[in-house]
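*Asks:* Give me coordinates for this.
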Amino acid sequence: MKVHDLTIYDEALGWIKDGRKTLDVRVGYRKIKTVAVGDELVLSSLGRWAKVRVTAIRRYSSFAQMARHEDTKRIAPEMTSEQVVLELQRLMGKNERLGVYVFEIELIGARGQ
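*Replies:* Numbers count the residues shown, from 1 in each chain. This is a model prediction of the structure:
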């Protein structure tokens, strides 16, 4: 088991901490490709963090393909599926060609409100 430090947007961190965000989407950078089931992620934003365990990993070729197979409310609970895809494209679209990784996560610890 490895521990990986990753940054996350503050709003998304809040969703993880309140239990509504149980899927985290990343693009296939070298560091992301090293994450395995059972690893822990320390997701941090503005001095706050949440530690989660990766319980499953799924890979897709695009955000649109991912949205057809995943419950996007588990990614961004306050957005529609279409909004989730648009937001992911805005944030990471130029790197979508690296592959889209969905980490199914469970919260195991947190700090900060």
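
*Asks:* so where is the protein shaky, pLDDT-wise?
*Replies:* Scanning the chain for pLDDT under 70 picks out the ranges 113.

*Asks:* Tell me which residue is most central in it.
*Replies:* The structure's the chain has its C-alpha centroid closest to D24; by Cα atoms, centre = their mean the separation is 1.5 Å.

*Asks:* got the contact list for the strand or helix carrying that residue?
*Replies:* D24 is part of strand 23-27, with elements assigned from DSSP states H and E. With Cβ atoms under 8 Å, 6 or more residues apart in numbering as the contact definition, strand 23-27 has outside contacts at 6, 8, 12, 16, 32, 41, 43, 52, 63, 66, 70-71, 74-75, 88, 92, 95-96, 98-105. Any C-beta I mention is one placed from the backbone N, CA and C, and that applies to glycine too.

*Asks:* swap the cut-off to 7 Å and go again
*Replies:* Contacting residues not belonging to strand 23-27 are listed as 32, 66, 70, 74-75, 88, 92, 95-96, 98-105 [Cβ atoms under 7 Å, 6 or more residues apart in numbering].

*Asks:* related to what we said a few turns ago, just grab the bridge partners of the residue nearest to the centre of the chain for me.
*Replies:* Beta-bridge partners for D24, by DSSP bridges, are F103.

*Asks:* if I look at it, how far off is P77?
*Replies:* Taking Cβ to Cβ, to the nearest Å as the measure, D24 falls 13 Å from P77.

*Asks:* now R90
*Replies:* Computed as Cβ to Cβ, the R90 to P77 distance reads 18 Å.

*Asks:* These two: which is more packed in?
*Replies:* Applying other Cβ atoms under 10 Å to R90 and P77 shows that P77 carries more neighbours, namely 16 against 8.

*Asks:* Under a three-state scheme, what state does that one occupy?
*Replies:* Following DSSP: H, G, I helix; E, B strand; the rest coil, the label given to P77 is coil.

*Asks:* and if you look at the one 10 residues further on?
*Replies:* When the structure is split into helix, strand and coil by three-state DSSP, E87 lands in helix.
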